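Undergrad: quick one: sequence and predicted model below, then my questions.
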Amino acid sequence: MATFGNGRRVAIVAGVRTPFAKAGTAFKSISAIELGKLCVAELLQRTNLDGKEVQALVFGTVVPSVVEPNIAREVSLLPLLPKGVQAYTVSRACASANQAITDAADQIALGHLDVAIAGGSESLSNIPILHSQRFAETLVLASKAKSLPARIRILARLRPRDFIPITPAIAEPTTGETMGQSAEKMAKLNAISREEQDHFALRSHRLASAGTADGRLTAEIMPVYVPPKFESVLTSDNGIREDTSYEQLAALKPVFDRKYGSVTAGNSSPLTDGGACVLLMNEEKAKALGYPTLGIIRSYAYAALDPGEQLLQAPVLAAPVALKRAGLTLKDIDLVEMHEAFAAQVLSNLKGFESKWWAGSIAIGHPFGATGARITTTLLNELRRRDGRFGLMTVCTAGGMGFAMVVERTR
Ligand SMILES: CC(C)(COP(=O)(O)OP(=O)(O)OC[C@H]1O[C@@H](n2cnc3c(N)ncnc32)[C@H](O)[C@@H]1OP(=O)(O)O)[C@@H](O)C(=O)NCCC(=O)NCCS
């Protein structure tokens, strides 16, 4: 059996996240950088790790701030870490935190690092609002005008339509297709019925509610005081509906194909704010520092397909490669954690491989940049509870890409 790292095994020591909040709710005035700082500070405090031990911080985000684009560096400048911690930001759509984790793991395997923090955060409440090209060009011209009357003459050319902001869409630049439209297409191509999608969404909410009630999910979540008054505190994901029913889900109207569609607000993951991160160490370093580990990374793989085909189907290509690299087959896997962008996508992916899997993003939420770190922590913790050995996680992403990672629980 192969293990990633050529002898320098990469261990996941701990993971933590903020609660995930539906965009426009509890975290609407917290930036992605702040969400990142909150969870990294919590990770250091929970593990009682001296910030001086951390050598690098790798963070993912999908919609970065235009004024603070290197989110990783801003997060690394929190007071608990020395200013010498090197930090960089990665982007691989919904697998951005996975990219952060595998980048840090690669550096540990190479011997360049012993201790790193990796994760991601996203604030979909705070996405940049764009102006039209004409509006931007006119502003630039006006800023170069030599006199006030000249500036006013240039600005007077603006028409009301030039002020209409451009809302960034979650759409493929190459095809113009939104994620939701892609999920619709996949449902049709793979014959996934509306009923199956709603049953799957119900399952997601039921499992996430149970995991919240019995503390399995909340153990991974830090409490966050809600600005601006900081009088209330969010301790769990606010998109989980413990009272949702199949009938309620079945009554929702399709969003992305109103006439013939089956993808609804209920069977899609919601737009979400949140941050998540994990602590990675070379296994020997963890032993030297006296840290027990959750598990080691056995292998990982990325894959991509034509975004014009089935956009969210690439996990089916990535998983066999990750399994082969680990020297395992799906039969050896005790638990699978799949990112749920849409029920239609999960059910389409599952047609590609049968598995034993657990709850996810439809109920819990999906802050794009953070999800990969959430599922890494959840998979390892649940693997321990079930006394399993091998876990597989998969993530589908924009651009027709997919990610898979095999982890092995350490005892
Ligand atoms: C699908 C989407 C457009 C829905 O957005 P929205 O309309 O703001 O969603 P809401 O949460 O307001 O839900 C709409 C309605 O459905 C209801 N609803 C949603 N989930 C429900 C559930 N599980 N049970 C019962 N009702 C539910 C809401 O209560 C709301 O009802 P109301 O209109 O009476 O208030 C949005 O979540 C989205 O774009 N998701 C996809 C994100 C994406 O593309 N991710 C990328 C994946 S990789």
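TA: Noted; the coordinates are in hand. The structure displayed is predicted, hence computed values, not measured ones.

Undergrad: centre of the chain to the helix or strand hosting Gly402, how far?
TA: For Gly402, the element it lies in under DSSP states H and E is strand 401-409. With CA atoms, centre = their mean, to the nearest Å as the basis, strand 401-409 stands 14 Å off its chain's centre.

Undergrad: paired strands for it, with orientation please.
TA: Applying DSSP bridges, strand 401-409 is found paired with strand 295-304 (antiparallel), strand 390-397 (antiparallel).

Undergrad: closest one to the ligand among these?
TA: Closest to the ligand of those is strand 390-397 (CB to the nearest ligand atom; 6.4 Å). C-beta coordinates here come from the backbone N, C-alpha and C atoms, glycine included.

Undergrad: okay if I get the strands paired with strand 401-409 as CSV plus distance to Phe256?
TA: Formatted as CSV, the strands paired with strand 401-409 follow (distance: least, CB to CB, whole Å):
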stretch, distance to Phe256
strand 295-304, 23
strand 390-397, 16
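
Undergrad: same list, these, but as CSV with distance to the ligand, mean neighbour count and mean pLDDT please.
TA: CSV is the format used below for these (distance: least, CB to the nearest ligand atom, whole Å; neighbours: other CB atoms under 10 Å; pLDDT from 0 to 100):
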stretch, distance to the ligand, mean neighbour count, mean pLDDT
strand 295-304, 15, 22, 98
strand 390-397, 6, 28, 96
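
Undergrad: for the closest residue to the ligand within the stretch 301-411 of the chain, report the pLDDT, please.
TA: Of all residues in the stretch 301-411 of the chain, the one sitting closest to the ligand is Ala341 (3.4 Å; CB to the nearest ligand atom). We have a pLDDT of 95 for Ala341.

Undergrad: could you tell me how many residues sit around it?
TA: By other CB atoms under 10 Å, the residues close to Ala341 number 28.

Undergrad: residue contacts, it?
TA: Cys94, Met179, Ala183, Ser268, Ser269, Leu312, Ser361, His366, Cys396 (CB atoms under 8 Å, 6 or more residues apart in numbering).

Undergrad: for Val10, same thing?
TA: With the criterion set at CB under 8 Å, 6+ apart, Val10 makes contact with Phe4, Ala105, Ile108, Ala109, Leu280, Met281, Asn282, Glu283, Ile296, Ile297.

Undergrad: how about a cut-off of 7 Å?
TA: Phe4, Ala105, Ile108, Ala109, Leu280, Asn282, Ile296, Ile297 (CB atoms under 7 Å, 6 or more residues apart in numbering).

Undergrad: just list whatever residues bridge to it.
TA: Asn282.

Undergrad: before we move on, back to that, the residue of the stretch 301-411 of the chain closest to the ligand and Met222, how far apart?
TA: 25 Å (CB to CB, to the nearest Å).

Undergrad: looking at the strands paired with strand 401-409, which is closest to Arg9?
TA: Proximity to Arg9, assessed across the strands paired with strand 401-409 by CB to CB, is greatest for strand 295-304 (4.9 Å).

Undergrad: ok now the closest one, how far from the chain's centre?
TA: Counting by CA atoms, centre = their mean, strand 295-304 comes out at 16 Å from the chain centroid.

Undergrad: top of the contacts of Val10 by neighbour count?
TA: Result: Leu280 is most packed of the contacts of Val10 (other CB under 10 Å), 31 neighbours.

Undergrad: and the residue nearest to Val90 when sequence neighbours are not counted, what is it in contact with?
TA: Leaving aside its sequence neighbours, Val90 sits nearest to Gln99 (CB to CB, 6 or more residues apart in numbering; 4.5 Å). Contacts of Gln99 were listed using CB under 7 Å, 6+ apart, and they are Gly60, Val90, Arg92.
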